[in-house]
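Asker: sequence and predicted structure are below.
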Amino acid sequence: MVSLRRAQDALTPVIFFAIVVALFPLGVGPEPGVLAMLAPGVVWVAALLATMLSLPRLFANDYADGTLEQLLLAPQPLAVLVLAKVVAHWLLSGLPLVLLSPLLALQMQLPADALPTLVISLLLGTPVLSLIGAIGAALTLGLRGGGVLISLLVLPLYTPVLIFGAGSVAAAATGLDVEAYNSLLGAFLILALTFAPWAAAAALRVSLD
Amino acid sequence: MARAEPIPSGPEPVTLELHRYVSPKTFYPLAGRLIPWFGGLTALLLAVGLYYALFIAPPDYQQGESVRIMFIHVPAAWMSMFVYVVMAGAGAVGLVWNAKLAEVLARSCAPIGAWFTVLALATGSLWGKPMWGTWWAWDARITSELILLFLYLGVMALQSAIDDPKRAARAAAILALVGVVNIPIIHFSVEWWNTLHQPASVTRIGRPSIHISLLIPLLLMAVAFMLYFVTVVLLRMRNEILERERHSAWVTELIQSADAEPAPPAAGNRPRGVAG
């Protein structure tokens, strides 16, 4: 909740998300057919980039004021504390993206039938992005040029989520069944919930050595 | 943490005979003795393999002479994956047992693996133009190879962003391990993505049970690439050790004795001004 005191920090990725999506019609032209075809991928890639933009904040403030070292010394397992941080981070940066996404998708001429699928896929997918991103944020803590470095570390790892997230929306837009996609996204979420906090905790210990 | 890391200047703990070679101080001259052998074998096998590949192997009835690209392309692709696994494995050993040599190995692997990946992509592109009529296709294997390249670049970027070699090695090891968990997921995702989107546009080259006349040069080249990797990784490890241990007594001695007599050319591709 402390992060709420700086509303600007939480809002920036959301605004970024909206702007990136708005750039695509300007770049490829306002043709509704083309936009509808691009919509799933564009919304998902923009969500990916917006999540990534918010990652450095995940640990940076706690690192700067020494809270993070206290967390390392806390009796609770570090992985659990990391998970709590990631959940808080997702509520402030991931959830707003999910809530805003139907609006942007409509701007991109995505058929209204596909909107629920878009929201579900983002609900399942963005927590995975935050979890994987936590590893990157922990590894790059306190490094020069950490922000750019994070993107290099985590974007390749994001590809499966992007493939199935955007895939499910595209399938829904053409009236196909999306259950397999959602199952896979759910599987990614469970996998990431299991391993990512643990890996991020190990990374934090390395970074604060 | 059970096995203490041998301190370079102190007396070596005598626990295992093998353990001696894990000390950078003993590994350095050992690697130096091994490099000419591996290098010689690499050159020999490369020469024989290339001769077979370019002159003996018959041209393919469909692909003609361009099938010969395979003899570089396929071993490079194999090595690109193998080196990543070695890097992650060495990283894990370094994390768990705090072994300095494993950290050095992991760091030395990254650029070599990245170059193998580039080589596989480049030769694949050269092969794709005459065969598929395009330099690049978003084929499942090409795409996952490209992502593998990005993973390598990420590891290298992280390594070079951290000044402290210990922290750099541990951070890169975690990243490499996360990558190793992800590689199968990425691979199958990409494969499924491709089959979902464009089932017929990318026709894999029909290569039903490769003929023996092609298999022999291919395997020769694969072994040659493997030996090349061993040679270059040893060279890199020697450089890395010198840089890391530059303040230790034995490196100082080595430099002094090298100054006294003309040193053999330190055949590293990263001359880093160790003596300076």
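Answerer: Arrived safely, thanks for sending.

Asker: where does chain B dip in pLDDT?
Answerer: Low-confidence segments of chain B, defined by pLDDT under 70, are located at B:1-21, B:61, B:194-210, B:261-276.

Asker: please point out which parts of stretch A:164-179 sit buried.
Answerer: Neighbour counts over stretch A:164-179 (16 or more other Cβ atoms under 10 Å in any protein chain shown) mark A:F164, A:G165, A:A166, A:G167, A:S168, A:V169, A:A170, A:A171, A:A172, A:A173, A:V178 as buried. For the C-beta atoms, the positions are set from N, CA and C on the backbone; glycine is no exception.

Asker: just those residues now: which is nearest A:L131?
Answerer: Relative to A:L131, the closest of the buried residues of stretch A:164-179 is A:G165; by Cβ to Cβ it sits at 14.4 Å.

Asker: so who does A:L95 touch?
Answerer: Counting by Cβ atoms under 8 Å, 6 or more residues apart in numbering or on different chains, A:L95 makes contact with A:T126.

Asker: which of the buried residues of stretch A:164-179 are close to chain B?
Answerer: With Cβ under 8 Å from any Cβ of the partner chain as the criterion, the subset of the buried residues of stretch A:164-179 in contact with chain B comprises A:F164, A:G167.

Asker: would you map the helices across the stretch 101-250 of chain B?
Answerer: B:140-161, B:165-197, B:212-244, B:249-260 (DSSP state H, counting those that start in this stretch).

Asker: for these, give me TSV that also has distance to chain A.
Answerer: Converted to TSV, the helices of the stretch 101-250 of chain B look like this (distance: least, Cβ to the nearest Cβ, whole Å):
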stretch	distance to chain A
helix B:140-161	4
helix B:165-197	4
helix B:212-244	17
helix B:249-260	24
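
Asker: which of the ones you listed sits closest to A:D62?
Answerer: Short answer: helix B:165-197, nearest of the helices of the stretch 101-250 of chain B by Cβ to Cβ, at 18.3 Å.

Asker: give the buried residues for the closest one.
Answerer: Result for helix B:165-197 [16+ other Cβ under 10 Å]: buried residues B:165, B:167-180, B:182-183, B:185-187, B:189-190, B:192-194, B:196.

Asker: re the thing from before, closest to B:V230 out of the buried residues of stretch A:164-179?
Answerer: Closest to B:V230, out of all of the buried residues of stretch A:164-179 and judged by Cβ to Cβ, is A:F164, at 38.9 Å.

Asker: correct me if wrong: that closest one contacts A:L185.
Answerer: Yes. Shown here, A:F164 and A:L185 form a contact pair, counting by Cβ atoms under 8 Å, at 5.4 Å.

Asker: check contacts around A:A112.
Answerer: Listed by Cβ under 8 Å, 6+ apart, the contact set of A:A112 reads A:L106.

Asker: check it and give its pLDDT.
Answerer: Reading off the confidence values, A:A112 has pLDDT 85.

Asker: quick check: phi and psi on it?
Answerer: Summarising the backbone geometry of A:A112 under the convention degrees, to the nearest 10, its torsions are phi -60, psi -30.

Asker: repeat that for A:G66.
Answerer: The phi and psi values for A:G66, taken as degrees, to the nearest 10, are phi 90, psi 0.

Asker: from A:L92, how far out is it?
Answerer: Here A:G66 is placed at a distance of 22 Å from A:L92 (Cβ to Cβ, to the nearest Å).

Asker: more neighbours: those two, which one.
Answerer: Regarding A:G66 and A:L92, a neighbour count based on other Cβ atoms under 10 Å in any protein chain shown identifies A:L92 as having more, with 21 against 9.

Asker: tell me which element A:F59 is part of?
Answerer: Applying DSSP states H and E as the criterion places A:F59 in helix A:57-64.

Asker: distance from the chain centre to that helix, please.
Answerer: 17 Å (Cα atoms, centre = their mean, to the nearest Å).

Asker: ok, stretch A:55-70 next?
Answerer: Averaged over its C-alpha atoms, stretch A:55-70 has a centre that lies 19 Å from its chain's centre (Cα atoms, centre = their mean).

Asker: swap in stretch B:87-95?
Answerer: Its chain's C-alpha centre and that of stretch B:87-95 lie 14 Å apart, by Cα atoms, centre = their mean.

Asker: ok, residues contacting it?
Answerer: Applying Cβ under 8 Å, 6+ apart, the set of residues contacting stretch B:87-95 from outside is A:202, B:99-100, B:102-103, B:105-106, B:109-110, B:113, B:155, B:169-170, B:172-174, B:176-177, B:179-180.
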